[in-house]
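Enquirer: okay, sequence plus prediction incoming.
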Amino acid sequence: MPSANIDDALELVVTHFRGMKDKDGEPYVMHCLRVMMGVSDPLARQVALMHDLVEDTPVSIEELRSRNFSEQVVAAVDLITHKSEDSYADYVVRIKQNDLARQAKLSDLRDNSAVSRVLYREHSLERDMQRIGRYILSYQFLSDRMDEATYRRRMSALEQDE
């Protein structure tokens, strides 16, 4: 049986994010599409499109396997799924080992930190600023502008300020 492709990933994302909105009130699926368009590799596009699927919907890694997504795609989606027991720093360090997950996460970070998407919310300004700081540090680490020790040290300092 042939491997699942981008059409299959798109169908899953549209089905499971139907009706969901982002913090700005826009359809959540638009974020998934922007993240997908931020990468060029065909397999990385599948990962980017599905990057929040397992974390935010009932879809499981096993379901992706049963739908015949390639093991490369499934492994990368598993890595890019932030598990509650992992610190954000551990999660990002783990992503760096897999090129498909890394490409998708870099695109996700670019989209999440885009000036046009960063909201000013008086009631959560400090929390939002720390989130953006976490995104910037993670982007620097994943794009090889910062080593792991520096990344962990700066993330720890950021978390202490919370």
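Expert: Received, thanks. Residues are numbered from 1 along each chain as shown.
Enquirer: going forward, measure contacts between C-alpha atoms and count neighbours the same way
Expert: Will do.
Enquirer: helices or strands next to the longest helix seen in the chain in the packing?
Expert: Counting residues, the longest helix in the chain under DSSP state H turns out to be helix 125-142. The elements that helix 125-142 packs onto, with contact taken as 3 or more Cα pairs under 8 Å, 6 or more residues apart in numbering; DSSP states H and E, are helix 88-95, helix 99-112, helix 148-160.
Enquirer: and the gap between G38 and N68?
Expert: Computed as Cα to Cα, to the nearest Å, the G38 to N68 distance reads 24 Å.
Enquirer: also A48?
Expert: 17 Å.
Enquirer: higher neighbour count, those two?
Expert: Taking other Cα atoms under 10 Å, A48 and N68 do not tie; A48 has more neighbours (34 against 17).
Enquirer: the least confident helix or strand in the chain by mean pLDDT: which residues count as buried?
Expert: Confidence across the helices and strands of the chain bottoms out at helix 125-142, with a mean of 90, counting by mean pLDDT, DSSP states H and E. Across helix 125-142, burial judged by 16 or more other Cα atoms under 10 Å covers D128, Q130, R131, I132, G133, R134, Y135, L137, S138, Y139, F141, L142.
Enquirer: next: stretch 103-117.
Expert: Q103, A104, K105, L106, S107, D108, L109, R110, D111, N112, S113.
Enquirer: which pair in those residues spans the largest distance?
Expert: Longest distance between any two of those is 15.6 Å, between Q103 and S113; criterion Cα to Cα.
Enquirer: quick one: pLDDT of the closest residue to P27 other than its chain neighbours?
Expert: Leaving aside its sequence neighbours, P27 sits nearest to K21 (Cα to Cα, 6 or more residues apart in numbering; 4.5 Å). We have a pLDDT of 94 for K21.
Enquirer: right, and K21 touches Y28 too?
Expert: Yes: using Cα atoms under 8 Å, K21 is in contact with Y28, at 4.8 Å.
Enquirer: neighbour count winner among the two?
Expert: Neighbour count, other Cα under 10 Å: between K21 and Y28, Y28 has more, with 18 against 14.
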